[in-house]
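Peer 1: The sequence and its predicted three-dimensional model are supplied below.
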Amino acid sequence: MATPYDTTLGLYIGGRWISGEGRDTHVVLNPATGAPLAELPLATAADLDEALAATERGFAAWRATAPEVRAAILQKTAVLLRERMDRIARIATAEQGKILAEAKGEVAFAAALLDFHAGEALRIYGRVLPRSGGARSLVLHQPVGPVAAFCAWNFPVMNVVRKIAPALAAGCSIIIKPSEETAGSAVEVLRCFQDAGLPGDVAQCVFGVPDMVSRQLLASPATRKLSFTGSVPVGKHLMKLAADTMMKTTMELGGHGPVLVFDDCDLDKTLDLLVAHKFRNAGQVCIAPTRFHVQEGIYDAFAAGFATRTQALAMGDGMDAGSQMGPMANPRRPEAIAAMVDDAVGAGARLLAGGAGGDGGNGFFYRPTVLADVPLTARAMNDEPFGPVALLRPFATLDDAIEQANRLPYGLAAYCFTENGRRQNLLGDAIDAGMVAINSVRLSYPDSPFGGMKDSGHGSEDGPEGVQAHLVTKTVHMS
């Protein structure tokens, strides 16, 4: 049987793979054991200059490529992702930690994104405005230019495809910098694009010291669009860099997902959905349900049911078939979660489940944790935990619930559970979030926009909006 980390790491620039000779390297670790998996070469300033030059050449050719050709390459890449799903999923689990079933689901969703954007490549329409005397005005939507994209480690396959697919559909070239901690997944995605026939200058993949890479790529006049998935502070920093050249930006930043649970919900079904969704990917999900505001009449039953289900979850290596939650992605995450839990308990929160590291040896484990009666002053109630911690509080009225949902500067995702149709409509209108799920935990589909508001960012990925974010509008007036 092949090793779970069956890949060769490198930079992809101008259609060729570059290894580590003469370059600094980063050691990729297995989060389940803490053991090294491979060494990743990091780009030099010269490498980045070469990538910028390649992406300019790539844009000139790709924007002139027929939409049907662009669509066919995206579709072929989707086919290759599905054919290689088992191998790519094992690589993702080995370097990121999520359970293998989740990694396979991620690859499947990435392929669906490619299929959708292949169709969108054929649907970039303009319009004709008739004028008097036979004159007319043309409204055209054209690709914005080369894109610099930076993405996080939590969904190492999907995040890469989510950046590349709409850019290519729109006619843009792209330089993508995935996380160094999950490089193998990104490398395999780029190999799928390469094997599908994507010209080498159209997509570049680089790794390196984040600040150095971002400053060099965003300072270049060649770069006309920034797309970023990551934390709020880093997103704000990158936007300041992007302002110097007035480039377009799409920012998918952090969240702190409120969950409003009303006393008329189907309690058992709600608990089953929420516990599974809370602890998928060890809670390392920007749209994860985090602040559970539960109506007073069912609060005790909800807390007991949530804790019981959480305690039953099997934590272990994501490669093990019996594992329901894997390790966290790096050693920093368990430390950060432990500090938040200690702070909340010290402020008066009740620990109902978890609250400690795991039995994973040198792995980066932290047990799925449930805290009840968490004070609003606790750090975890104000800063995004990004880990396996559920925070429970009771509320009395609808107005109280909405006030709590909108209390923070985040506005990415929110969840509501109620059988009252009028209340559902009110919640959908009143909650400040880019995405609201009602009696569901599903927020992401290839054909619907994915994005937030307030400190959670702006712009959308996925759906037609994802392609539109890579276009500029031009009006041509003809006499």
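Peer 2: Noted; the coordinates are in hand.

Peer 1: Tell me where the model's unsure across this protein.
Peer 2: Applying pLDDT under 70 to the chain picks out residues 1-2, 358-361.

Peer 1: same thing but at 80, please
Peer 2: Applying pLDDT under 80 to the chain flags residues 1-3, 357-361.

Peer 1: With adjacent residues omitted, what lies nearest to the residue located most distally from the centre of the chain?
Peer 2: Ranked by distance from the centre of the chain (Cα atoms, centre = their mean), the top residue is residue 133, with 51.3 Å. Leaving aside its sequence neighbours, residue 133 sits nearest to residue 479 (Cβ to Cβ, 6 or more residues apart in numbering; 7.7 Å). Where C-beta positions appear, they are placed from N, C-alpha and C, glycine not excepted.

Peer 1: where do the strands sit along the stretch 151-300 of the chain?
Peer 2: For the stretch 151-300 of the chain, the strands defined by DSSP state E, counting those that start in this stretch occupy 174-177, 203-205, 225-229, 248-252, 257-261, 289-295.

Peer 1: would you list every one of the helices in this protein?
Peer 2: 45-62, 67-83, 85-96, 100-120, 158-170, 183-195, 210-219, 232-243, 267-278, 296-311, 332-346, 398-405, 421-430, 463-468 (DSSP state H).

Peer 1: can you count the residues close to residue 72?
Peer 2: Applying other Cβ atoms under 10 Å, we find 15 residues neighbouring residue 72.

Peer 1: Surely residue 299 is in contact with residue 373?
Peer 2: No: the pair residue 299 and residue 373 fails to qualify as a contact (Cβ atoms under 8 Å) at a distance of 9.3 Å.

Peer 1: Determine the number of other residues adjacent to the residue nearest to residue 133.
Peer 2: The tally of other residues near residue 479 (other Cβ under 10 Å) stands at 7.

Peer 1: got it, and residue 105?
Peer 2: If you count neighbours by other Cβ under 10 Å, residue 105 ends up with 16.

Peer 1: ditto for the one 5 residues further on
Peer 2: By the criterion of other Cβ under 10 Å, residue 110 has 28 neighbours.

Peer 1: OK, contacts around the closest residue in space to it that isn't next to it in sequence?
Peer 2: Closest residue to residue 110 apart from its sequence neighbours, by Cβ to Cβ, 6+ apart: residue 161 at 4.0 Å. Shown in contact with residue 161 (Cβ atoms under 8 Å, 6 or more residues apart in numbering): 81, 110, 113-114, 189.

Peer 1: Kindly report the same for residue 188.
Peer 2: Residues near residue 188 by Cβ under 8 Å, 6+ apart: 7, 84, 87-88, 91, 157.

Peer 1: any idea how far it is from residue 194?
Peer 2: Look at residue 188 and residue 194: by Cβ to Cβ, to the nearest Å, they are 10 Å apart.

Peer 1: which of the contacts of residue 161 sit farthest apart?
Peer 2: Farthest apart among those by Cβ to Cβ are 113 and 189. That separation is 11.2 Å.

Peer 1: which one of the two has more residues nearby?
Peer 2: Between residue 113 and residue 189, residue 189 has the larger neighbour count (other Cβ under 10 Å), namely 30 against 26.

Peer 1: Would you point to the one among the strands of the stretch 151-300 of the chain that's packed deepest?
Peer 2: Per residue and on average, the most neighbours among these fall to strand 203-205, with a mean of 29 (mean count of other Cβ atoms under 10 Å).

Peer 1: hang on, the earlier thing: so which of the helices of the chain is the most packed in?
Peer 2: Of the helices of the chain, helix 158-170 is the most buried (mean count of other Cβ under 10 Å), at a mean of 28.

Peer 1: residue contacts, the nearest residue to residue 444 once chain neighbours are set aside?
Peer 2: Computed as Cβ to Cβ, 6+ apart, the closest residue to residue 444 that is not its neighbour in sequence is residue 450, at 5.6 Å. By Cβ under 8 Å, 6+ apart, the contact set of residue 450 is 162, 252, 434-435, 443-444, 460-463, 466.

Peer 1: quick check, nearest of these to residue 44?
Peer 2: Using Cβ to Cβ, residue 162 comes nearest to residue 44 of the contacts of residue 450, at 27.5 Å.

Peer 1: Distance of the nearest residue to that closest one once chain neighbours are set aside relative to residue 154?
Peer 2: Residue nearest to residue 162 in three dimensions, not counting chain neighbours: residue 461, with 5.3 Å by Cβ to Cβ, 6+ apart. Residue 461 sits 15 Å away from residue 154, taking Cβ to Cβ as the criterion.

Peer 1: try residue 10
Peer 2: Distance of residue 10 to residue 154, given as Cβ to Cβ: 23 Å.

Peer 1: Between the two, point out the one with more neighbours.
Peer 2: Neighbours were counted for residue 10 and for residue 154 using other Cβ under 10 Å; residue 154 has more, 25 against 18.

Peer 1: Neighbours of the residue nearest to that one when sequence neighbours are not counted, how many?
Peer 2: In this structure, residue 154 finds its nearest non-sequential neighbour in residue 284, 4.6 Å apart by Cβ to Cβ, 6+ apart. Burial measure for residue 284: 23 neighbouring residues, criterion other Cβ under 10 Å.

Peer 1: For residue 284, give me its contacts.
Peer 2: Residue 284 is in contact with 154, 328-329, 333, 386-387, counting by Cβ under 8 Å, 6+ apart.

Peer 1: Show me the beta-bridge partners of the closest residue to residue 12 other than its chain neighbours.
Peer 2: In this structure, residue 12 finds its nearest non-sequential neighbour in residue 205, 4.1 Å apart by Cβ to Cβ, 6+ apart. On the basis of DSSP bridges, residue 205 is bridged to residue 12, residue 176.

Peer 1: Compute the distance between residue 387 and residue 117, please.
Peer 2: For residue 387, the distance to residue 117 equals 31 Å [Cβ to Cβ].

Peer 1: ugh, typo on my part, it should be residue 337
Peer 2: To residue 117, residue 337 is 35 Å away according to Cβ to Cβ.

Peer 1: Repeat that for residue 442.
Peer 2: Distance of residue 442 to residue 117, given as Cβ to Cβ: 20 Å.

Peer 1: do residue 285 as well
Peer 2: 22 Å.

Peer 1: same question, residue 165
Peer 2: 4 Å.

Peer 1: which residues do the two both contact?
Peer 2: In contact with both residue 165 and residue 117: 74, 466, using Cβ under 8 Å, 6+ apart.

Peer 1: one step back: what residues do residue 299 and residue 373 have in common as contacts?
Peer 2: Common neighbours of residue 299 and residue 373 (Cβ under 8 Å, 6+ apart) are 392, 394.

Peer 1: quick one: residue 155 and residue 103 touch, right?
Peer 2: No: under the criterion of Cβ under 8 Å, residue 155 is not in contact with residue 103, lying 9.5 Å apart.
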